[in-house]
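[1] Mind folding the following:
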Amino acid sequence: MKKILLVAMLVVIGATTANAQTKTKKTKKATAAKVEAPKASGVEGAGMVFENETIDYGTIPHNADGRREFVFTNNGNKPLIIENTQGSCGCTVPTTPKEPIAPGAKGVIGVKYATDRVGPFTKTVTVTSNAVGSNVSPVTTPSTTPGGAPVPTGKSTKVITIKGTVLPDAPAATPATETKS
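    Model prediction:
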């Protein structure tokens, strides 16, 4: 009798556990679908999503063409205004789009790296714009009241990166000398 009750209890517990796991999986799938929906609709305001946030030049020859382009899309519902682009040093010179980028439209930020500098490099470009969303960092100014919270400026920044290695010039070939025997 005790064995029958024990087996019956194990069957009931096993069935309950199996159903609980099935319901959890369905809930996770529904949650994942809800999370993806906002991405498709974009952001409220101007948005900025880059096709690639890092450009790898790879290994390039000394004094090679150092121009590359970062392509981005305004995934928001308002025009995107790029206010400034700033390279991390003088060897990285970005170009800023002059006109606002319409919602859904693509824009380009050009970057020129000075390839006269030999060796590996990793440089950044900071883009200041009116973009909102989780992929940008809001810009704030210090509070005017002691202990007060920083004040948002309505601007945001996004950091994009270039990297690679510039090879030195090949050594000049020296003429072979004849040896007399």
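
[2] ok, now which ones touch V111?
    For V111, the contact set (CB atoms under 8 Å, 6 or more residues apart in numbering) comprises I55, R67, R68, E69, F70, G87, T92, V93, P94, T95, V125, I162. For the C-beta atoms, the positions are set from N, CA and C on the backbone; glycine is no exception.

[3] Take these and lay them out in a markdown table including distance to P79, pLDDT and neighbour count.
    Listed next are the contacts of V111 as a markdown table, based on distance: CB to CB, whole Å; pLDDT from 0 to 100; neighbours: other CB atoms under 10 Å:
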| residue | distance to P79 | pLDDT | neighbour count |
| --- | --- | --- | --- |
| I55 | 25 | 96 | 18 |
| R67 | 27 | 96 | 12 |
| R68 | 25 | 97 | 16 |
| E69 | 21 | 96 | 12 |
| F70 | 19 | 96 | 23 |
| G87 | 25 | 95 | 17 |
| T92 | 27 | 94 | 20 |
| V93 | 25 | 95 | 16 |
| P94 | 20 | 96 | 19 |
| T95 | 19 | 95 | 13 |
| V125 | 21 | 96 | 21 |
| I162 | 27 | 96 | 23 |
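
[4] closest to V7 among the residues you listed?
    I55 (65.0 Å; CB to CB).

[5] who's the closest one bridged to?
    Beta-bridge pairing for I55 (DSSP bridges): I162.

[6] Spell out which helix or strand contains I4, please.
    Remark: I4 resides in helix 2-41, with elements defined by DSSP states H and E.

[7] Adjacent strands (with direction) for the helix or strand following that helix?
    Downstream of helix 2-41, the next assigned helix or strand under DSSP H and E is strand 49-50. Partners of strand 49-50 in the sheet, by DSSP bridges, are strand 67-73 (antiparallel).

[8] what about N52, how many residues close to it?
    Per other CB atoms under 10 Å, the neighbour tally for N52 reads 13.

[9] Equivalent analysis for P171, please.
    Using other CB under 10 Å, the number of residues around P171 comes to 6.

[10] Surely it forms part of a strand?
    No: secondary structure of P171 (DSSP: H, G, I helix; E, B strand; the rest coil): coil, not part of a strand.

[11] Against S129, how distant is it?
    Going from P171 to S129 by CB to CB, to the nearest Å gives 46 Å.

[12] Equivalent analysis for F72, please.
    10 Å.

[13] Quickly list what's touching both of these two.
    Joint contacts of F72 and S129 (CB under 8 Å, 6+ apart) are M48.

[14] what residue ranges in this structure score low on pLDDT?
    5-6, 10, 12, 14-41, 134-135, 137-145, 149-153, 172-181 (pLDDT under 70).

[15] Please repeat the previous calculation with a cut-off of 80.
    For the chain, the stretches flagged by pLDDT under 80 are 1-42, 133-154, 170-181.

[16] which residues are in contact with stretch 68-80?
    42-53, 55, 57, 100-113, 125, 129-133, 160, 162.
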